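for reference, the sequence and a predicted model appear below.
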Amino acid sequence: MSENKLLDLSFEFAVAIVNLVDGVTAPKSSYMTDRLARAGTSVGANIHEAQYAQSQKDFVAKLEIALKESNETSCWLKLMYETKRIDIATYQYAE
């Protein structure tokens, strides 16, 4: 584990999202899992990218994108739960 807790947690979250997406077997869910995978893994990618920002403004912008992607991830998780693509335990774990 590195000294940057945010980097570590965002990477662990991306791993959890990938594992969740790989485990979804409900038919006709690929459009949702694709969007969930993109948004969920983008959170960590933007946080990691922010570490090498060119300016403070760039750093803040990348973290704001990560926040937006986390909101989108939350929306896809809720939709997948409400449409019975994932169960309550998976939803609560990911949320």
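Perfect, thanks for sending it.

point to the helix or strand of the protein where mean pLDDT is at its lowest.
For the chain, the helix or strand with the lowest mean confidence is helix 88-94, at a mean of 86 (criterion: mean pLDDT, DSSP states H and E).

give me the residue at the spatial middle of this structure.
Closest residue to the average C-alpha location of the chain: residue 40 at 1.8 Å, with C-alpha atoms, centre = their mean.

how about residue 44: what's its closest non-neighbour residue?
Among residues not flanking residue 44 along the chain, residue 10 sits closest, at 3.6 Å (C-beta to C-beta, 6 or more residues apart in numbering). For the C-beta atoms, the positions are set from N, CA and C on the backbone; glycine is no exception.

ok, then the element right after the host helix or strand of that neighbour?
With secondary structure defined by DSSP states H and E, residue 10 is part of helix 5-23. Heading C-terminal from helix 5-23, the first helix or strand you meet, by DSSP H and E, is helix 30-50.

what residues sit buried inside that next one?
Of the residues in helix 30-50, 32-33, 35-50 count as buried by neighbour count, 16 or more other C-beta atoms under 10 Å.

contacts for the helix holding residue 10?
Outside helix 5-23, the residues that touch it by C-beta atoms under 8 Å, 6 or more residues apart in numbering are 1-2, 33, 36-37, 40-41, 43-45, 47-48, 51, 66, 73, 86, 90, 93-94.

low-scoring stretches of the chain, by residue?
1 (pLDDT under 70).

please name every helix or strand in contact with the helix ranked longest in it.
Ranked by residue count and defined by DSSP state H, the top helix of the chain is helix 56-82. In terms of contacts (3 or more C-beta pairs under 8 Å, 6 or more residues apart in numbering; DSSP states H and E), helix 56-82 is packed against helix 30-50, helix 88-94.

the first one to helix 56-82, inter-axis angle?
So the one you mean is helix 30-50. Calculated by axes from the mean of the first three to the mean of the last three C-alpha atoms, to 10 degrees, helix 30-50 forms an angle of 160 degrees with helix 56-82.
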